[in-house]
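Have a look; sequence and predicted model below, questions after that.
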Amino acid sequence: MTRDRRPKRLGDKIHKMKTFMKILMILLVIAAILVGLYEQGKDQPNLYVMSATIVVFMFAAMKLGGKIPSKNRDKEDDHVL
């Protein structure tokens, strides 16, 4: 018996990539928090490391939060002429 070797559907690949990116962003947020807390605990925290940590944290949080729809979206659509 031969197996069906058709390529997977494009939708499946896109879904897997989106899931991978979401997990990657969550890991980036966690890593930024841990690095920031470690650096802040030092006697002389490095300003550049702290700044980079904040930038990475905000970027990853923005990417994750951009997927959440507004709860007022239905109310805004009613007022459109």
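All right, it came through fine.

just the helices in this protein please.
Assigned by DSSP state H, the helices in the chain fall at 10-40, 47-65, 73-78.

mind giving me JSON lines with those and columns for mean neighbour count and mean pLDDT?
C-beta: built from backbone N, CA, C; applies to glycine. Putting these into JSON lines (neighbours: other C-beta atoms under 10 Å; pLDDT from 0 to 100) gives the following:
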{"stretch": "helix 10-40", "mean neighbour count": "12", "mean pLDDT": "88"}
{"stretch": "helix 47-65", "mean neighbour count": "14", "mean pLDDT": "90"}
{"stretch": "helix 73-78", "mean neighbour count": "8", "mean pLDDT": "58"}
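
most centrally placed residue in the protein?
By C-alpha atoms, centre = their mean, the mean C-alpha position of the chain lies nearest to residue 25, the distance being 3.3 Å.

In contact with that residue, which residues?
If a contact means C-beta atoms under 8 Å, 6 or more residues apart in numbering, then residue 25 has 60, 63-64 as its contacts.

Excluding chain neighbours, what is closest to it?
residue 60 (4.6 Å; C-beta to C-beta, 6 or more residues apart in numbering).

ok, residue 31 to residue 52 distance?
To residue 52, residue 31 is 11 Å away according to C-beta to C-beta, to the nearest Å.

Residue 21 now?
Per C-beta to C-beta, residue 21 is found 21 Å from residue 52.

Equivalent analysis for residue 19, please.
The value you get for residue 19 to residue 52, if C-beta to C-beta is used, is 27 Å.
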